[in-house]
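>>> need the 3D shape of this:
(2 chains, ligands or ions: 2)
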Amino acid sequence: MQAFIDYFSSVPDRDKLWAIGLFTNKRPKKIVDLIILRLWVTDLICIPDWLFDESLAVVSDQCETIGLLVSKKKDSDEKSLSEWMQEISDFSKKNEDDIKEWVIDSWNNLDNNERILFNKLITGGFRKSVSVNIISKALSIFYDIEKTHFAHRLVGKWNPINSHFNELLLTENYKDYLSRPFEFMFTTELQTDPSLLGTAQDWLAEWNLNGLRAQLIYRNNELFVWTTAGELVTDYFPTLKKICLAINYDFVVDGVIIGMQNKKILPSSELTKLIHRKTITNKSTSAIEFEFMAFDVLEYRSNDTRKQPLIKRKSLLNNLKEDSFCNVLKISEEINFENWNQINAKINDLETRKSESLILKEKSAPYEIVSNPFWWKLKAEPYSVLAVLTYAQKSPERGSLNYVEFTFGLWEDQDLISFAKTPIDLPEDEIVEIIQFVRKNTIERFGPVYSISAELVFEISFENIHPSKRHKSGIQLKNPNIKKWHKEINAKDAHRLKDLMLFLKN
Amino acid sequence: MSNLLIYTKKGIYCEIADVYIDPWKKVSKAFITHGHSDHARPGSSQYICVNESKNIIKYRLKTQNVSSIAYGEEIYVNGVKFSFHPAGHIIGSAQIRVEYKDEIWVVSGDYKTENDQFSGNFESIPCHTFITESTFGLPIFNWKPQDKVLSEINNWWSTNKSNDKISCLTAYSLGKAQRLISGLDSSIGKIFTHSTIENTNKVIRDSGIFLQKTELLTPETTKKALKGSILLASSSLIDSEWQKKYGETEIATASGWMNVKKTSRWGGVDTGFVLSDHADWSGLLEAIKATKAEKIYVTHGYSDSFSRYLRSIGYDAEILETEYSGENIED
Ligand SMILES: [Zn+2]
Ligand SMILES: [Zn+2]
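Ligands and ions are numbered 1, 2, ... in the order given. The predicted model follows:
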């Protein structure tokens, strides 16, 4: 990102626009095939075809190989990025002989890195992309204008050839106002017992569901969906438009986009992956059903409701739900509890809990970003198992003697099956003792990884467990950590893999 | 074509004179092209090299049995005439010319055709048979003139300095390190060296060769002294402990391998400058052409492709298997 900011400060607006365009998939059409380019270069420097292949084997990239085969012949006036792009687009209409002459002349004027980039641009091989989010952030720092402003402008259809930098990115327009989200209110992790928050009756609780946090902004009959990362993602979730069909007033709701596949909730990382995919295909989303789990309303019938107490906002949210006549819009379920003991019991009950954390919200609080938070996240006590240390991995830094990661196994018959890797978070004296043990008891070494005889038993905690086909153990743990070294326990008495399977729901 | 020099298990051998050139096994009489460890190996009874290389070889091979002669001076061994000529590779590097009954062979060792003002100016020697290296024997290797690269390096250093960072340049302790030191602009700041490099510097200065002032990095070197300086050392020195103690440090390396994105990762550093002590593609071709040799033997490097290319343009060329290893990124 710093590279973008530095670049923005060093070039005129036209170049900025092209740089942004190139990194957001707005590339020029290819004007010559790689295979033709290859013929031109082998011809130019008189080398046989096989020698090109041998060189390619060392370099691994055609555009780079071609670029390295030519040397800079003359120091000429440097052309700017936009001048180059203009030339590329002009030459796209010319015949092959003219293009050849221009390409060879350009090669002679460029240094290696520029020549390689040039080859990528004219053969359509430039595929580096940077998320709109990062570019918006860089622009936001450079111009000191809100990031969301740029994100919105960059998402639409534009093209560096016929767009004007100021018009596209800087001038205010009415549509900006319409689409703009409110600042998101976040939760803070509760490190203490909830009873310290005060009277239980003043608080309400909701499950913290796995999904993509977003605001739905519906103004002037148009819907905008914004993530907390300042990304405008409306086009990725067309189903959400159904929510607004029956509503004839402006509103803004805060909540979570939930993706369901085969009746199961997708992890939020899957949704993030989806919106960072370059093209939206029906194929990629058709198997997933989306709904919006709303938990707050920030604007209702064109009125900003953020100053109103939460319980008032909740009732407005219920009105909105009724007006929508649409089951894509869900209202976040409130958890019943009368005292703090009950809430602790609910989050730690494996049978009935709906996620591994819940959010406590003060009923009288406004939707406001303040230093003393109104929303707290309460996490479940982590699970734990007793496991045997099987592998230790050394730091990749040359010469370092530190271990960076331990692998643990659980028994299956006579074998230990690896099921978790953890960072090494133990008291200093225990680490020293373990390192000495590892040194004396290494069975085999695979690069930086040392396999160790099965003797040391540790208590491993984790937040959640999912089935996984990619792992030999058949499961994947969320945030596994070393809780304690149990010197008194014999390796034979560590848990079995099937003990861990009991934690898997359904 | 006679066999004035032949290939044996111990190295390139002149049977008539009982002399080996850069042998990789222990022999009685070894003529050495230069001090790099793949060319000068320990254990032989007697070493002969040029004056500029004498102390280096004594130091690196830990032996006293080194005699030396001047570039161009001739010595006869059982009627075979030997002489050493500048190879431009590193300080004290030589091509070895062997002549017997009107037949001339040249063993080039490692060489570079560009004059770097420090390693000696490569001399073209007409011969019948030329033994050439091929470390960078592919057409993708084309070097920029040295002054361009040196100014890139000095710019990098002064940019780091203005950002309050230390610059660390990693380099092979013999050859590349001294060439870089000679090219650094000491008006930017101080030049520090790690002991492995400084020890070699001392050997070179003791041979009467001028090398600009450097300071040895010691445990007593302060953060303040290093600020804005450049350090020649191995990159393994710069770990998180180092950065904590001395401050942010940018690491770069200078090597021919930096020319290609894939091989530039070998250095494991952020910035790579393309600067090699070996000839590039056109350097190799020009050197070979200038010898007017009828027969070319190709040693270490891309010897397969390079010898095949030489044959395709009309040379009688073949590979000579050796145990030389080419350009290292680090010592
Ligand atoms: Zn060498
Ligand atoms: Zn060599």
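>>> endpoints of stretch A:90-98, how far apart?
11 Å (CA to CA, to the nearest Å).
>>> quick check: mean pLDDT across it?
For stretch A:90-98, mean pLDDT is 86.
>>> residues of it that come out buried?
By neighbour count, with 16 or more other CB atoms under 10 Å in any protein chain shown as the criterion, the buried positions of stretch A:90-98 are A:F91. The C-beta positions use only the backbone N, C-alpha and C, and glycine is treated the same way.
>>> and the chain, what are its domains?
Just so you know, I chose chain A. Structurally, chain A divides into domains by automatic domain parsing as follows: A:28-122, A:185-208+A:333-381, A:210-331, A:383-501.
>>> hmm, I had chain B in mind actually
Domain segmentation of chain B under automatic domain parsing yields B:6-141+B:278-319, B:146-273.
>>> weakest of the ones you listed in terms of mean pLDDT?
Note on the domains of chain B: domain B:146-273 shows the lowest mean pLDDT, a mean of 90.
>>> what kind of secondary structure is the nearest residue to A:L117 once chain neighbours are set aside in?
Spatial nearest neighbour of A:L117, excluding adjacent residues (CB to CB, 6 or more residues apart in numbering or on different chains): A:F126 at 7.3 Å. State at A:F126, reduced to three classes by DSSP: H, G, I helix; E, B strand; the rest coil: coil.
>>> okay, whatever residue of chain A ends up closest to ligand 1: pLDDT?
Closest to ligand 1 within chain A is A:V58: 20.3 Å, counting by CB to the ion. pLDDT recorded at A:V58 is 88.
>>> tell me the contacts of it?
B:138, B:140, B:260, B:262-263, B:302 (CB atoms under 8 Å, 6 or more residues apart in numbering or on different chains).
>>> in chain B, what residue spans correspond to helices?
Assigned by DSSP state H, the helices in chain B fall at B:51-61, B:146-162, B:176-183, B:195-206, B:223-226, B:240-246, B:261-264, B:281-291, B:303-312.
>>> please compute how far the third one lies from its chain's middle.
Distance of helix B:176-183 from the chain centroid (CA atoms, centre = their mean, to the nearest Å) equals 12 Å.
>>> on that earlier part again, just the domains of chain B: most buried one?
Burial of the domains of chain B is given as mean neighbour count (mean count of other CB atoms under 10 Å in any protein chain shown); domain B:6-141+B:278-319 ranks first at a mean of 20.
>>> do that one and ligand 2 come into contact?
Yes: using CB under 5 Å from the ion, domain B:6-141+B:278-319 comes into contact with ligand 2 via B:D110.
>>> and that domain, anywhere near ligand 1?
Yes: interface with ligand 1: domain B:6-141+B:278-319 contributes B:36, B:110 (CB under 5 Å from the ion).
>>> give me every residue in the stretch 101-250 of chain B lying close to chain A.
B:138-142, B:144, B:235-236, B:239-240 (CB under 8 Å from any CB of the partner chain).
>>> which of those sit farthest apart?
B:P139 and B:S240 (41.1 Å; CB to CB).
>>> quick check, nearest of the contacts of A:V58 to B:T200?
B:T263 (25.4 Å).
>>> give me the nearest residue to the closest residue to ligand 2 within the stretch 201-331 of chain B, chain neighbours excluded.
Nearest residue of the stretch 201-331 of chain B to ligand 2: B:Y324, at 4.2 Å (CB to the ion). Leaving aside its chain neighbours, B:Y324 sits nearest to B:H300 (3.9 Å; criterion: CB to CB, 6+ apart).
>>> residue contacts, A:S461?
So A:S461 contacts A:382-384, A:480-483 (CB under 8 Å, 6+ apart).
>>> okay, and which of these map to strands?
Using DSSP state E, A:383-384, A:481-483 are the members of the contacts of A:S461 that sit in strands.
>>> redo those as TSV? Include neighbour count, pLDDT and distance to ligand 2.
Output for these, formatted as TSV (neighbours: other CB atoms under 10 Å in any protein chain shown; pLDDT from 0 to 100; distance: CB to the ion, whole Å):
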residue	neighbour count	pLDDT	distance to ligand 2
A:Y383	18	83	59
A:S384	16	85	58
A:N481	17	88	51
A:I482	20	90	50
A:K483	18	87	55
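>>> any regions of the stretch 201-350 of chain A where pLDDT drops low?
Within the stretch 201-350 of chain A, the stretches with pLDDT under 70 are A:277-286, A:350.
>>> can you show me the strands along it?
Per DSSP state E, counting those that start in this stretch, the stretch 201-350 of chain A carries strands over the ranges A:203-207, A:212-219, A:222-227, A:251-261, A:264-265, A:289-300, A:303-304, A:329-331, A:334-335.
>>> quick check: the residue of the stretch 101-250 of chain B nearest ligand 2.
Of all residues in the stretch 101-250 of chain B, B:D110 sits closest to ligand 2, at 4.0 Å by CB to the ion.
>>> surely that residue and B:I131 touch.
No: with contact defined as CB atoms under 8 Å, B:D110 does not reach B:I131; the gap is 11.4 Å.
>>> quick one: closest of the helices of chain B to B:K101.
With CB to CB as the measure, helix B:281-291 is the member of these nearest B:K101 (19.1 Å).
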